[in-house]
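In: Show me how the following folds:
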Amino acid sequence: MPPVERYLFDGFVLDVPERRLLRDEHGIALRPKEYDVLVTLVRHAGRLVPKHELLETVWRDAFVEEGILSVHVAALRKALGDTARPWRYIETVSRSGYRFVAPVDAHEGKLLRRNARTRPEVHELCGKGRSHLLSGSMFELPQAIDAFQRAIDLDPSYAPAHAGLALALCAQATITMRIAPTHDAYRLAKDAALRALALDDGSADAQVALGTVLFFSEWEWEAAERSLRRALEMHPAHVQGCVNYGRLLDVLGRHEEALDAKLRALEADPRSPLVHLAIAFWHWNQRRYDDAIAWASKALEIDPGHPMAREFLAGAHLKRGDLDRYVAENVRHAEAHGVPAEALTPMKNAYASGGRAGLIAFAIEQLTTRSTEAVAVQLAMLYAEAGDLDAAFLHLDRAIDGRDPVLVELAVGPQFDALRGDPRFGACVARMRLTAGRA
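Out: The predicted structure is shown next:
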């Protein structure tokens, strides 16, 4: 099969075999000769194409006046939105010819040739975005999104910037970082991931981004694994790829493979709180709570204010039955979010008067005042702990309907253990096309 000839410039895609010009996946109508003139100029981007060469290439079997070129170039400029000087795409060289002046990426199969280097600022912004993203902190997510978006503004054709934006939006949509509506964030994330792949289907970043969306949002386990494995074949030490692939394998019950993937991430970036938490979650799913606490504590050593690490510690102490430590970690977690000390008094009173049952009843009361969709999973777990399984499965069904991303752990996570003995649990897991009892 001959290589695919496709050119990318400033958000446009010029697909030569299909004879089409696209922008934002929408076709732009061109007359046949206008299209041929554009292809000729783009193929020689950065070089002066003399008028006689254009005429010989486009009208090789016919004799035409060179004045026809100015007509077609004017039409092309209009179609491209290149209507103000200095010309953005097609430069006129007086009495000589034309030059395509925009940076062009040329794809031939999986080979990418850049006709112009990406600006250094774009690489710098993407590096900053990745650093914020790998912190795993909700406090740094807005900075990650801003960095990737600024990189895209500087170079819309740079695939890793779109892929990074997709991963940041996925993180924004997860249950512990929900600072945007889940469905909106995942929709935007998928759009960004697909755009990254359209720009460069050989980008490991783009494959990680798509695999992450398929995993957390669409629950397409096999397709997610294909994308993540493809990414790691391209870039075996891709930190985000290793973390998300490890989490997917854990969800699918392939625990030893999962740990191997997460340890590869640790070797690649031993200072990432996100990686340490990923390993903590592996121990959590194995019900090895002391080890889970140790790894979450390592994340806090790197970032003492890390909100997810503190929340994780609270849950692990609750599973160990250490209610005093559970309450203490919740207090610290609340303080990290700026909650005043007096606002925590009702929780402390509920614990003092009712112990574990009092804490659970207090948490249920607090959550029922909020949006059902946003807290359905938490309510399901709390009602299960309280022994009200009918209410628990009612909220669990709602969470499945809403495709809450935290449910990817349903088949393996100990947070759902209080539900496992009920026949309805197997039906819920089957709805997600998982297998119950893998933990």
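In: what's near enough to touch the residue most central in space within the chain?
Out: The C-alpha lying nearest the average C-alpha coordinate of the chain belongs to Leu167 (CA atoms, centre = their mean; 2.1 Å). By CB atoms under 8 Å, 6 or more residues apart in numbering, the residues touching Leu167 are Leu133, Ala189, Asp205, Val208, Ala209, Thr212, Gln240. For glycine as for every other residue, the C-beta is placed from the backbone atoms N, C-alpha and C.
In: Check the residues you listed for burial and list the buried ones.
Out: Burial by neighbour count, 16 or more other CB atoms under 10 Å: within the contacts of Leu167 this picks out Leu133, Ala189, Asp205, Val208, Ala209, Thr212, Gln240.
In: Looking at these, which are in helices?
Out: Leu133, Ala189, Asp205, Val208, Ala209, Thr212, Gln240 (DSSP state H).
In: Which one of those is nearest to Val93?
Out: Set against Val93, the nearest of these by CB to CB is Asp205 (38.0 Å).
In: per-residue pLDDT, the closest one?
Out: Per-residue pLDDT puts Asp205 at 86.
In: Ok, the one 10 residues further on next?
Out: As summarised for this prediction, Phe215 has a pLDDT of 94.
In: so where's the stretch 1-150 of the chain shaky on pLDDT?
Out: Low-confidence segments of the stretch 1-150 of the chain (pLDDT under 70): 1-4, 24-25, 106-118.
In: rerun that using 50 as the cut-off
Out: 1-2, 109-116 (pLDDT under 50).
In: as a whole number, average confidence for the lengthiest helix in the chain?
Out: Identified as the longest helix of the chain according to DSSP H is helix 345-367. What helix 345-367 shows for mean pLDDT is 88.
In: what would the buried ones among the contacts of Leu167 look like in TSV with distance to His333?
Out: As requested, the buried ones among the contacts of Leu167 are arranged in TSV below (distance: CB to CB, whole Å):
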residue	distance to His333
Leu133	21
Ala189	26
Asp205	32
Val208	29
Ala209	29
Thr212	26
Gln240	25
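In: secondary structure class for Trp284?
Out: Recorded secondary structure, Trp284: helix (DSSP: H, G, I helix; E, B strand; the rest coil).
In: so what's it closest to, chain neighbours aside?
Out: Excluding its sequence neighbours, the residue lying closest to Trp284 (CB to CB, 6 or more residues apart in numbering) is Ala292, at 4.4 Å.
In: Could you name the helices and strands sitting against the helix or strand harbouring that neighbour?
Out: Secondary structure from DSSP states H and E places Ala292 in helix 289-302. Packed against helix 289-302 by the contact rule (3 or more CB pairs under 8 Å, 6 or more residues apart in numbering; DSSP states H and E) you find helix 273-285, helix 307-319.
In: Return the member of those helices having the minimum mean pLDDT.
Out: helix 307-319 (a mean of 89).
In: For it, name the packing helices and strands.
Out: Using 3+ CB pairs under 8 Å, 6+ apart, helix 307-319 is in contact with helix 273-285, helix 289-302, helix 323-336.
In: and the residue of the chain positioned farthest from its centre, what element?
Out: Distance from the C-alpha centroid of the chain peaks at Phe63, with 53.7 Å (CA atoms, centre = their mean). If you go by DSSP H and E, Phe63 is not part of any helix or strand.
In: With that, I have no additional questions.
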